[in-house]
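Chemist: Dropping a prediction and its sequence here:
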Amino acid sequence: MSVSTASQRVEFQERARQALQDTSLQRALAKARGGFVDHRQDAIDALPEFDAIRDAARDIKNHVLANLDGYLELYEQQVIENGGQVHWARDADEACQIVAEICKDAGAKTVTKGKSMVSEEMHLNPVLEAAGMTVVETDLGEYIVQLAGETPSHIIAPAVHKTREQITDLFHEHHSPLGYTDRVTQREALVNEARSVLRERFVTADVGITGANFLVAETGSNVIVTNEGNGDLTSCLPRVHIVTAGIEKVVPSLDDLSVLLRVLARSATGQEFSAYTSLYSGSRRADDMEGPEAYHVVLLDNGRSRLLGSQYQPMLRCIRCGACLNHCPVYGSIGGHAYGWVYSGPMGSVLTPLLNGFDQSLDLPNACTLNGRCKEVCPVRIPLSDLLLKHRVEQHDRRLNSGFGRLLLGVWAWLACRPRLYQGVMALPLRLMHLLGRRRGVLAWLPGVGGWTGSRDFPAPARCSFMRQWEKRKMKS
Amino acid sequence: MNRARDQILGTIRKSLAAGEPRTLKRLEELKSRIQHSRPQVQPEFDDDLLSRFCQKHVAVHGTYDRITVEQIESAVVKHLTGMGLDAQWHLGSGPLLDATQWTDSVFVYRKGADKNTKVALSEAVAAVAETGTLVVCSGPAVPPSQNYLPDDHLIVVDSRRIVRHMEDAWAMLRESGVAKGRAINLITGPSKTGDIEQTIQYGAHGPRRLHLLIVEDA
């Protein structure tokens, strides 16, 4: 194990430990936990066709991935026909450079952003700020975490970790210089204050950057789904509109889009449909009275193309709804920041090592109880917990897991391949564990695996092994 | 930049090499799949379209009046007066709105909304009963800012344009060619956010209220 992987390991465990001790975070997580899950369940109970639609959604995504090169070309042609430009970026740095160049060429001073996880993945904001631009996140949740100098802790609820008291403090600190000197504490007043502050930003921005929930090959459109309308104000008002999107976001037709939209909002927030779903195609038309003069799409690869054809390809079906986060007991206990990168929860634990390198996030695939709820709720049926297992196998095959763990597994495997010896060696410890655990039925501590028993009890084994019992029974009969 | 494009497409093709051959014929097949795209599995419901649409619209915090074509102006004025607002608004465009002769007692602005815009009146190209969604398409006289900047958004919709599923709206757009504009905006209720303690607040960045005028005799 290299030094960097050792430090990574400590970082995750340390972050998780801090998260568990952070009372504000725990309060915020407790408040959020039930809501998303219950709302999703209600929405699904009201739609008997949900599972059939999920199958269709999975099949569409599979079809696109199997023909991704073709659909990207068709999409690109259509964007150009609409008067837009498509830029291809191999990695995050290249994508940042492309966006920064477009902004500089436009003479941009202020840039508004609709929520874009890909721009988070790119770490775009610091790049634009270094070039002298003011970058303003406009999704209320993203705006809150931007004021706090943090990153989103949830794909669709970026500020889920913030309590109202913390938001009150942030707004008071950052809005007072703008003339909002009253300290507002009520939810409605907080929303109104942000609306008023951000409205000024919307109408003065030179460039608007949004993400894309989907890209439609049929029309060459980027689709954005919001409840606030911030994505639309970002798309419509500035002189230049830039879309940042992963290459896997393309869907063939509007009919395919409908299938995916039917599972997206239900899985994310439990809504049947979000308030605003918009398709933007190219720049303003010649006779339009408003709209951006230029429309750019930056398609980001950043390791995605390599996943095609691999055992992790199903991960590219992900539509970033956040359902797996909402149903994950680990995410529910530690929140998103402990995962260390933009994507958190089960989908983050699968994706982060794939995009950032296996040795960069060794703990993530292991921070999972394999309860399988993520896989159960995924709207495009990504077998998330199975993919996490594949990660663990790959860590072992690449010798990335801990020496002690490998040693234990090695010894066990060696023994297990020799049944006679195995039974002989195991008989005594099993007997001992049986005696020690006889009274309570469980063992609270075992030598060598204190980490495991620290938070769990080990069930006490039977007096002798299953094989022995079987033999005895056979002899009796 | 073209190198990046070639490299990305090249990696995709290499990764998928085990799959189907990457030929021009294949590209034509994909194109044909798009051209012959058809609705797939859809939620089924029996209710008549108008009542289903109204029910879904109310469920997302919208309000509505059912009116006749002559009542468009008076219904707008009545709604605004009821809210204590003046009879002036930013005006979009569509068959119903274009045919309306506005009287001297109201004032309409035929331009994009700005940060102080109180009211906009739009016309929906289609409405989807499945979800209570309005479809507004941008055009020379339909600036999308009218959908997002006002406090109050009023939308006129011809009841004959209420369709069952989203895909029926796409079919209408394809047929009429109206989808060739820059923006297709699907609107389902007023603007809202759950970003503060996961509790819904209306009027996040967009309209605080959404009111429909459903015209039944157009």
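Modeler: Right, received. Where do you want to start?
Chemist: List the residues that contact the residue of chain B at minimum distance from chain A.
Modeler: The minimum distance from chain B to chain A, using Cβ to the nearest Cβ, falls at residue B:206 (2.8 Å). Every C-beta, even on glycine, is put in place using the N, C-alpha and C of the backbone. Neighbouring residues of residue B:206 by Cβ atoms under 8 Å, 6 or more residues apart in numbering or on different chains: A:228, A:229, A:232, A:233, A:275, A:276, B:147, B:148, B:149, B:153, B:190, B:191.
Chemist: got a list of contacts for the strand or helix carrying the fourth one?
Modeler: For residue A:233, the enclosing helix or strand under DSSP states H and E is helix A:230-236. Counting by Cβ under 8 Å, 6+ apart, the neighbours of helix A:230-236 from elsewhere in the structure are A:112-115, A:138-140, A:198, A:202, A:205, A:208-210, A:224-226, A:241, A:276, A:278, A:280, A:290-292, B:144-145, B:147-149, B:183, B:185, B:204-206.
Chemist: at 7 Å what do you get?
Modeler: Helix A:230-236 is contacted from outside by A:112-115, A:138-139, A:202, A:208, A:210, A:224, A:241, A:276, A:278, A:280, A:291, B:144-145, B:147-148, B:185, B:205, using Cβ atoms under 7 Å, 6 or more residues apart in numbering or on different chains.
Chemist: just stretch B:152-165 next, same as before
Modeler: Here stretch B:152-165 makes contact (Cβ under 7 Å, 6+ apart) with B:39, B:42, B:49-50, B:53, B:72, B:76, B:79, B:83, B:96-97, B:118-124, B:126-130, B:134, B:147, B:169, B:172, B:207-216, B:218.
Chemist: Which members of the residues you listed are classed as buried?
Modeler: Buried members of the contacts of stretch B:152-165, counted by 16 or more other Cβ atoms under 10 Å in any protein chain shown: B:39, B:42, B:49-50, B:53, B:72, B:76, B:79, B:96-97, B:118-124, B:126-130, B:134, B:147, B:169, B:172, B:207-215.
Chemist: Tell me how chain B divides into domains.
Modeler: Annotated domains of chain B cover B:2-35, B:49-215 [automatic domain parsing].
Chemist: Let me have those in TSV, extended by mean pLDDT.
Modeler: Converted to TSV, the domains of chain B look like this (pLDDT from 0 to 100):
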stretch	mean pLDDT
domain B:2-35	88
domain B:49-215	96
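Chemist: most tightly surrounded among those?
Modeler: Mean neighbours per residue, mean count of other Cβ atoms under 10 Å in any protein chain shown, is largest over the domains of chain B for domain B:49-215, with a mean of 20.
Chemist: how about the strands in the chain?
Modeler: Using chain A here. Counting by DSSP state E, chain A has these strands, from start to end: A:85-89, A:110-113, A:134-137, A:207-210, A:214-216, A:221-226, A:240-246, A:250-251, A:276-280, A:294-300, A:442-443, A:458-459.
Chemist: Not quite, go with chain B.
Modeler: B:63-67, B:88-91, B:107-109, B:119-123, B:126-128, B:133-137, B:152-158, B:162-163, B:183-187, B:192-193, B:201-202, B:209-215.
Chemist: Nearest to residue A:144, out of those?
Modeler: Shortest distance between residue A:144 and those, using Cβ to Cβ, is found for strand B:192-193: 10.6 Å.
Chemist: What pairs with the closest one, parallel or antiparallel?
Modeler: Note on strand B:192-193: by DSSP bridges, its sheet partners are strand B:201-202 (antiparallel).
Chemist: Apart from its chain neighbours, what residue comes closest to the residue nearest the centre of chain A?
Modeler: In chain A, the centroid-proximal residue (Cα atoms, centre = their mean) is residue A:343; its distance is 3.5 Å. Spatially, and ignoring its direct neighbours in sequence, residue A:343 is nearest to residue A:351 (5.0 Å; Cβ to Cβ, 6 or more residues apart in numbering or on different chains).
Chemist: just residue A:283 next, same as before
Modeler: Using Cβ to Cβ, 6+ apart and skipping residues adjacent in sequence, the residue nearest residue A:283 is residue A:295, 4.3 Å away.
Chemist: How much space separates that neighbour from residue A:100?
Modeler: Separation of residue A:295 from residue A:100 (Cβ to Cβ, to the nearest Å): 17 Å.
Chemist: Repeat that for residue A:470.
Modeler: Separation of residue A:470 from residue A:100 (Cβ to Cβ) stands at 69 Å.
Chemist: Please tell me I have it right and the residue nearest to residue A:283 contacts residue A:84.
Modeler: Yes. Counting by Cβ atoms under 7 Å, residue A:295 does reach residue A:84; the two are 3.8 Å apart.
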